[in-house]
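Peer 1: sharing a model that was predicted from the sequence below.
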Amino acid sequence: MKRWLAAIPVALLVLFAGLALSQLLSPKKGEFERVSRAAPDRQFNTLDGGGIAFAPTPGDETIIVNLFASWCAPCEAEHPQLMELSKRFPGRVYGVLYKDTAENGAEFLQRMGNPFARVAEDPDGQGGLDFGLTGVPETFVISSEGEILLHVAGPLGPDDVKEVSGALDAPRN
């Protein structure tokens, strides 16, 4: 009888380990987060030698801002989705090169294709922190008034492209 009682903690430990392993192997990607805050009020230098700010956004259209890095494998995986969005919404997809060098970023975009109207530099990562970045890649949809409408953490997938496209297609107030 005492041997049976000793097996209970072991069985519970095995059950807990199995549940933890299943969560680690198949995490659920979060839904887009509705954000009611302004895009960072910061001037970024760009790879082409100019400057850009995303609050308020350039022009009068809702835009996409994608934070990426050349050293980021998930950034490479999501790149086809950014190329698709760029074709569908020309001039409305912007990039922020996060904690990377201009040379590495330019090589990455030359190799993968450049979906961005312009690419801002964020070598020290402070701009990413101002956005609320938790890790690259992350994508933000920003209204013409400078409000962050949607935020997706992690690489964009086909379903995410539909969500972002819907936000860009939505009528402006």
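Peer 2: Nice, I can see it.
Peer 1: average pLDDT across the strand or helix carrying V65?
Peer 2: Under DSSP states H and E, the secondary-structure element containing V65 is strand 63-68. pLDDT averaged over strand 63-68 equals 97, rounded to a whole number.
Peer 1: flag every buried residue along the helix or strand following it.
Peer 2: Tracing the chain past strand 63-68, the next element assigned as helix or strand by DSSP H and E is helix 73-88. Within helix 73-88, the residues that count as buried by 16 or more other Cβ atoms under 10 Å are 75-76, 78-79, 81-82, 84-86. Every residue, glycine included, has its C-beta placed from N, CA and C.
Peer 1: helix 73-88 and the strand holding V65, what's the angle between them?
Peer 2: Counting by axes from the mean of the first three to the mean of the last three Cα atoms, to 10 degrees, strand 63-68 points 160 degrees away from the direction of helix 73-88.
Peer 1: now do the same contact list for L156.
Peer 2: The neighbourhood of L156, defined by Cβ atoms under 8 Å, 6 or more residues apart in numbering, consists of 66, 78, 81-82, 85, 137, 139, 164.
Peer 1: nearest to G105, of the residues you listed?
Peer 2: N66 (12.3 Å; Cβ to Cβ).
Peer 1: so which residues of this structure form helices?
Peer 2: With DSSP state H as the criterion, the chain has helices at 2-25, 73-88, 102-112, 126-131, 158-169.
Peer 1: mind putting the buried residues of helix 73-88 into TSV with pLDDT?
Peer 2: As requested, the buried residues of helix 73-88 are arranged in TSV below (pLDDT from 0 to 100):
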residue	pLDDT
C75	97
E76	96
E78	96
H79	97
Q81	97
L82	97
E84	96
L85	97
S86	97
